[in-house]
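# show me how the following folds:
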Amino acid sequence: MAKFTMSEHITAPPEVVFEVASDFHNAAENIEGIDKLEVLTDGPIGVGTRFRETRTMFGKEATEEMEITVFDAPHSYVVEGESCGGHYRFEYRFVGDISGTTVRLNVETRAMSLFAKLMTPVASLLMVGPMKKCIAADMEGVKRAAESKSRQLENA
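A predicted model of the protein is given here:
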């Protein structure tokens, strides 16, 4: 269906950015676009952690269940899920540099059902723009939270 990459530079060390980005228990506080996020599995966040995320999209509440399939702190993690006949894969990479961290997000969506395959051209045209806008807003939320946390750590 669609494949694209987005990135955001954050003025905070990779460890802090990764910690904020993978803090699923507090995601709704850090990311404005998330109405509610419920971690469905016990134990620390890592491979196999499942969660249910609720957002308001196009004026309607939408809930998706996803799972972490790769977790390599503080370097990367992958979240995958299936919805509306498609498979979604979000790969987050955290690359440190002298002034902070670049978060690079690789997004892949793949049609699984016959209906989704038939609708791929239309869905790609209609969904990629809003999806990118939503992801950009999410990354801005992570940026604000990570930079704030980094300043607090520097002042402690």
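
# nearest residue to the spatially most central residue of the chain in space, please, no chain neighbours.
Closest to where the C-alpha atoms of the chain average out (Cα atoms, centre = their mean) is F90, at 6.5 Å. The shortest distance from F90 to any non-neighbouring residue, by Cβ to Cβ, 6 or more residues apart in numbering, is to V79 (4.7 Å). Every residue, glycine included, has its C-beta placed from N, CA and C.

# next: A137.
G33 is the one closest to A137 (Cβ to Cβ, 6+ apart), at 5.2 Å.

# how about low-confidence regions in the chain?
In the predicted model, the chain carries pLDDT under 70 at residues 1, 111-128.

# the residue nearest to the centre of the chain touches T69, doesn't it?
No. Judged on Cβ atoms under 8 Å, F90 makes no contact with T69 at a distance of 10.1 Å.

# ok, the residue nearest to F90 to T49 distance?
Per Cβ to Cβ, to the nearest Å, V79 is found 9 Å from T49.

# please enumerate the shared neighbours of those two.
Taking Cβ atoms under 8 Å, 6 or more residues apart in numbering as the contact rule, V79 and T49 both touch 67-68.

# going along the chain, name the strands of the protein.
Under the criterion DSSP state E, the chain contains strands at 2-10, 34-39, 50-57, 60-72, 76-83, 86-97, 100-111.

# columns distance to H25 on top of these, output as JSON lines?
Listed next are those as JSON lines, based on distance: least, Cβ to Cβ, whole Å:
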{"stretch": "strand 2-10", "distance to H25": "20"}
{"stretch": "strand 34-39", "distance to H25": "6"}
{"stretch": "strand 50-57", "distance to H25": "9"}
{"stretch": "strand 60-72", "distance to H25": "13"}
{"stretch": "strand 76-83", "distance to H25": "15"}
{"stretch": "strand 86-97", "distance to H25": "17"}
{"stretch": "strand 100-111", "distance to H25": "19"}
